[in-house]
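K.L.:
quick one, fold the following:
(one chain, ligands or ions: 2)
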Amino acid sequence: MTELPARRLLLVHAHPDDESINNGATMAAYSAQGAHVTLVTCTLGERGEVIPPGLAHLSGAALGEYRLGELTEAMRALGVDDFRLLGGPGRYCDSGMMGLPDNDDPHCFWQADVDEAAGYLLDVIREVRPQVLVTYDENGGYGHPDHIQAHRVAMRAAELAVEAGVPIEKVYWNRVPRSVGEQAFDRLRDALPDLPFTKTAVLDDVPGVVDDERITTVVDGTAHTAAKLAAMAAHATQIEVSGEYFVLSNELAQPVFTTEYYELVRGERSGTPETDLFAGIGDPR
Ligand SMILES: CC(=O)N[C@H]1[C@@H](O[C@@H]2[C@H](O)[C@H](O)[C@@H](O)[C@H](O)[C@H]2O)O[C@H](CO)[C@@H](O)[C@@H]1O
Ligand SMILES: [Zn+2]
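P.N.:
Ligands and ions are numbered 1, 2, ... in the order given. Okay, the predicted model is just below:
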């Protein structure tokens, strides 16, 4: 087996598109620096809405298959070649938005046994031995069942990794500092007349918004803006991009963040703020 690069980052996401929205610039930056970036996606988003009218016929497994193709294209844009589905293709399906009958589908991720799903993730951790793990907060960023479950599975796998002797040194949650979000939405409202969008979301629609004090780490990915925008645009069933703004199928415009923010929740902080997810990690072998 070829030896992996010294620095190894693992990201756990719920659906194809979350990785590009939350961490596209970070993933592109670390890939470009020669770190090994591994993405684990927990479902194929089979219950998503579809934006382009020409693709509106896609649903269920066919939509899932199509979104896997979008994910592949997005990873090409970010320079990431290690991306996997938790438990293998089709193991868990999209659970739908919170409160829908879809949540009761026995095959959906929301119904997964957390320890079993964490075991699948531990298999990846044993193989890759990441020093850094990125996932969502306990609310999944915005309360979607698959996002909440991705958090639970990732955090459980991090616990199991300690017991298995392959501990992950640093665990981060995706965040957006409130002041940065407010300024970005001010710019969006000024730009809206020149965009193909008519309405904006509100800041609290953005996953992971917290008071600035909770931000521990700031990754400046602005050099990778084009890659992040291309990756988001690759998820065309879910995202429409215009300039540095985007809408999901709800047609509510949001800003694209190319400086990406994190809260360190496990491990030693090394800097105020840290500017590198691997800050303070010794010889990474
Ligand atoms: C970004 C994200 O997590 N998207 C999920 C989400 O999709 C949203 C959902 O369809 C909602 O009803 C729309 O208003 C919103 O615009 C969508 O982004 O939930 C989907 C179903 O679980 C999921 O497939 C999609 O990836
Ligand atoms: Zn999602």
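K.L.:
let me see the contact set for Glu138.
P.N.:
Glu138 is in contact with 148, 151, counting by CB atoms under 8 Å, 6 or more residues apart in numbering. (C-beta placed from N, C-alpha, C; glycine too.)
K.L.:
what distance do you get for it to Val114?
P.N.:
13 Å (CB to CB, to the nearest Å).
K.L.:
also Thr26?
P.N.:
Distance from Thr26 to Val114, by CB to CB: 26 Å.
K.L.:
more neighbours: which of those two?
P.N.:
Under the criterion of other CB atoms under 10 Å, the comparison of Thr26 against Val114 puts Thr26 first, with 29 against 13.
K.L.:
which parts of the helix or strand that contains that one are buried?
P.N.:
Using DSSP states H and E, Thr26 maps to helix 18-32. Neighbour counts using 16 or more other CB atoms under 10 Å place 18-31 of helix 18-32 among the buried residues.
K.L.:
before we move on, what about stretch 254-272?
P.N.:
In stretch 254-272, counting by 16+ other CB under 10 Å, buried: 254-258, 260-267, 270.
K.L.:
also stretch 147-167?
P.N.:
Buried residues in stretch 147-167 (16+ other CB under 10 Å): 147-158, 160-161.
K.L.:
next one: stretch 169-182
P.N.:
Residues 169-178, 180-181 are the ones in stretch 169-182 that count as buried (16+ other CB under 10 Å).
K.L.:
average pLDDT for it?
P.N.:
Stretch 169-182 comes out with an average pLDDT of 98.
K.L.:
say whether ligand 1 is contacted by it.
P.N.:
No. Using CB under 6 Å from any ligand atom, we find that stretch 169-182 stays clear of ligand 1, coming within 11.8 Å at best.
K.L.:
tell me who's in contact with the residue of the chain found nearest ligand 2.
P.N.:
In the chain, the residue that lies nearest ligand 2 is His15 (3.7 Å; CB to the ion). His15 sits next to 41-45, 48, 67, 94, 146, 238 when contact means CB under 8 Å, 6+ apart.
K.L.:
now with 10 Å, please.
P.N.:
21, 41-48, 64, 67, 71, 94-95, 109, 144, 146-147, 150, 235, 238 (CB atoms under 10 Å, 6 or more residues apart in numbering).
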